[in-house]
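Novice: 3D, please:
(2 chains)
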Amino acid sequence: MTDTPAPRHIPDRLDKPLSSAIFSWEALLVVVAVAIFAVNSFASPYFLDPWSLSDLTFNFTEKALIAFAMALLIISGEIDLSVAAIIALASTMMGMAVQAGAGTPVLVLIGIVVGLGCGAFNGLLVTRLGLPSIVVTIGTMSLFRGIAFIILGDQAYKGYPASFAFFGQGYVWWVVSFELVLFLVAAIIYGFVLHRTSFGRRVFAIGNNPVAAQFSGVRVGRIKFILFCLTGLMSGIASVLITSRLGSTRPSIAQGYELEAITMVVLGGVSILGGAGSILGVVLAAFIMGLVTFGLGLLNVPGIVMSIFIGLLLIIVIAMPILWRRLRGGR
Amino acid sequence: MKNFLKYREIWLLAAIAVLIGLISTRFPGFSDPANLRQVFNDTSILMVLALGQMVVILTRSIDLSMASNLCFTGMVVAMLNAAHPAIPIPLLIVVALLVGLVLGAINGLLVWRLNIPSIVVTLGTLTIYRGATFVISGGAWVNADQMSPDFIGLQRAAFLGIPVLSWIALLVIALFFLLMTRTALGRSIYAIGVNPTASVYAGIDVGRTKFIVFCISGMIGGLCGYLWISRYVIASVEVANGYELNIIAACVIGGISIAGGIGSVGGAVLGALFLGIISNALPVINISPFWQMAISGSAIILAVVLNARGERRQGRIILKKAEAA
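Specialist: Below is the predicted model:
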């Protein structure tokens, strides 16, 4: 017994054949995006214009910023329905600060800190008390927006400083808006964190089997808490952007954003049951949703009808691979 | 006595009694039976919706599309009534139930046949059904003067001193009570929520049962479409926008576990009543209605904290300790 077996090499990642990349979710999304892009450019002569395309990005950048953090949260098996309410509360706080004479840096700080605080509150309730996140965040959704309603009622805050307008309306270079740059930077950071760090691996591990992850030494509670804080933080940042873009605050601001952000995440191929997904998918889904709403907008389709397309897109894109697999499986 | 106190409904009933008592100190007329009947009538629609949502949540699913279903079906019956006032109201109610059933069956089929998680399906149909309301109505409203007197008047008519709307709610409550406690379907719904795998081995068709619960919640959504429109006498695309979360909130406050398998008809009814009492009480005790949202949010969080204490599984305690160390 002299020949001890050589230590088995365990690869970090399994080798993927090229075919799996071609039939991957992201490839499907690229096809859908290109198709919608082509249809749009045929349907409207105004579509293929740099400024049009730049305007298009405003349709999704704010929601996508939240969707990145939400993707991590959903992969870990939790969800946050309170993100739009966090936007409302953070925006209201910024509005109060404006009335008190705060300058732009203070406003941004307030938006971010309020967002982070709300996220931490959700995280504490979920991880410390062991409550289901869907119920907790339905509760905090009412609570956060409710506080905004108590403060503002049917009033609105206006009078944001001129320099504050840059975040939601400013351009960094030519047609490249500040929001778009922020979107791209966030996409790279979240993609790196999720797919290239041990933190990201732990997020996947928690989503696949929280009990096994706990026994493997992953601090499940702490990581989930961090993810809730991140989602709150991104909502705070989105609040700064949207408040700056609109230049006013009403308590009904960003109504329904939570469902759009979640739609974006699910359309991006993140499993709503947790444990699977990619940031690239979410980026593509953001573009698709932006393309659909903008293209239909150019054709004078009302917003409520666009939502039909988004809803159909969500169900069809999810159902298609399942039907495809079934057809090939001969069932 | 100890067994008696274990029931969640008793605690909820006590909380409601305390709530009514507190409100009465500020506004003595509130605990008047006539006023309480009025509150019950005001809450009827929410109670019925909460029951429809309850059977879905019990099977570990969720129906986010109920309010959109309500909006769509309400528009259908309102437009039918405006175009053909001769159609008798009972027939319109049957139409509402059928339209609701179809919308619910679409949800159910997608969940059953394609195995798509219900939260994804109903998130999609939530936007689709409301969008479809815009398509059929062209964005126009149906106003009170376009509706026939019978359409508006039926639920306001009193029978034995109680409005028909309340009678409908009582009937639905009774039917759900029978369904959940006296039928095999009711037992299957609970079984699936407690343990889907074991249910399969026990011979329960999990997929088909889920399909049925979505049909039930769809029919309830349709019924409430008529009730809502005839009560608030306006049909528009904005009807009950965002109301799906109120329905779920009523269920959560009523002690229905979002993880499935735990909950009762009494809980759902009391949860809805709790929210109804708050929204009725705020104006009479001079608190701005803008407080309502924050109060119901706090009530949801409080309810889920209290409920979780009873539900926590013993097996995880070792891990909790390990995590804390």
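Novice: Now do the strands in the chain.
Specialist: Picked chain A for this. A:171-173, A:176-177 (DSSP state E).
Novice: meant chain B, my bad for not saying
Specialist: Using DSSP E, strands in chain B cover B:158-159, B:162-163.
Novice: Under the pLDDT cut-off, which ranges of the chain? List them.
Specialist: By default, I'm working from chain A. For chain A, applying pLDDT under 70 flags the ranges A:1-23, A:329-331.
Novice: that answer is for a different chain, and I need it for chain B
Specialist: Judged by pLDDT under 70, the stretches of chain B that qualify are B:1-6, B:309-325.
Novice: between the strands of chain A, which one is nearest to chain B?
Specialist: With CB to the nearest CB as the criterion, chain B lies closest to strand A:176-177 of the strands of chain A, at 26.8 Å. The C-beta positions use only the backbone N, C-alpha and C, and glycine is treated the same way.
Novice: Show me what that closest one is packed up against.
Specialist: If contacts are counted by 3 or more CB pairs under 8 Å, 6 or more residues apart in numbering or on different chains; DSSP states H and E, strand A:176-177 sits against helix A:50-57.
Novice: Output the helix it packs on as CSV, restricted to C-alpha atoms.
Specialist: Listed next in CSV are the C-alpha coordinates belonging to helix A:50-57 (Å, rounded to 0.1, in the frame of the first residue of the first chain):
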residue,chain,number,x,y,z
PRO,A,50,-29.3,58.8,-28.6
TRP,A,51,-31.4,61.1,-26.4
SER,A,52,-34.5,58.8,-26.7
LEU,A,53,-32.4,55.9,-25.7
SER,A,54,-31.0,57.9,-22.8
ASP,A,55,-34.5,58.8,-21.7
LEU,A,56,-35.3,55.2,-21.8
THR,A,57,-32.8,54.4,-19.1
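Novice: tell me which residues in it are buried?
Specialist: A:Leu53, A:Ser54, A:Asp55, A:Leu56, A:Thr57 (16 or more other CB atoms under 10 Å in any protein chain shown).
Novice: Quick one: residues in contact with it.
Specialist: A:46-47, A:171, A:174-177, A:179-180, A:183, A:290-291, A:294, A:298 (CB atoms under 8 Å, 6 or more residues apart in numbering or on different chains).
Novice: Okay, and which of the residues you listed map to helices?
Specialist: The members of these that map onto helices under DSSP state H are A:Glu179, A:Leu180, A:Phe183, A:Gly290, A:Leu291, A:Phe294, A:Leu298.
Novice: do stretch A:256-267 and chain B meet?
Specialist: Yes - Stretch A:256-267 is in contact with chain B by CB under 8 Å from any CB of the partner chain, via A:Gly256, A:Leu259, A:Ile262, A:Thr263, A:Val266.
Novice: Out of those residues, give me the one that has the most neighbours.
Specialist: A:Val266 (28 neighbours; other CB atoms under 10 Å in any protein chain shown).
Novice: Is that residue in contact with A:Leu273, as I believe?
Specialist: No - counting by CB atoms under 8 Å, A:Val266 sits too far from A:Leu273 to count as a contact (10.6 Å).
Novice: got a list of what A:Val32 touches?
Specialist: With contact set as CB under 8 Å, 6+ apart, A:Val32 has these partners: A:Ile288, A:Leu313, A:Val317.
Novice: Please report which of the residues you listed has the highest neighbour count.
Specialist: Highest neighbour count within the contacts of A:Val32: A:Ile288, with 25 neighbours (other CB under 10 Å).
Novice: measure it to A:Ala64 for me?
Specialist: Taking CB to CB, to the nearest Å as the measure, A:Ile288 falls 11 Å from A:Ala64.
Novice: Quickly list what's touching both of the two.
Specialist: Joint contacts of A:Ile288 and A:Ala64 (CB under 8 Å, 6+ apart) do not exist.
Novice: Any figure for the gap between A:Ser198 and A:Ile75?
Specialist: 15 Å.
Novice: circling back to that earlier point, name the nearest of the ones in helices among the contacts of helix A:50-57 relative to B:Pro289.
Specialist: Nearest to B:Pro289 among the ones in helices among the contacts of helix A:50-57: A:Glu179, at 35.1 Å, using CB to CB.
Novice: quick one: contacts for the closest one?
Specialist: By CB under 8 Å, 6+ apart, the contact set of A:Glu179 is A:Thr57, A:Phe58, A:Thr61, A:Glu62, A:Phe167, A:Gly168, A:Leu241, A:Arg245.
Novice: Quick check: A:Ala90 vs chain B, distance?
Specialist: Computed with CB to the nearest CB, to the nearest Å, the distance linking A:Ala90 and chain B is 16 Å.
Novice: and the closest residue to A:Ser307 other than its chain neighbours, what is it in contact with?
Specialist: Closest residue to A:Ser307 apart from its sequence neighbours, by CB to CB, 6 or more residues apart in numbering or on different chains: B:Thr127 at 4.0 Å. Counting by CB under 8 Å, 6+ apart, B:Thr127 makes contact with A:Leu259, A:Ser307, A:Ile308, A:Ile310, A:Gly311, B:Ser68.
Novice: at 6 Å what do you get?
Specialist: Each residue near B:Thr127 by CB atoms under 6 Å, 6 or more residues apart in numbering or on different chains is listed here: A:Ser307, A:Ile310, A:Gly311.
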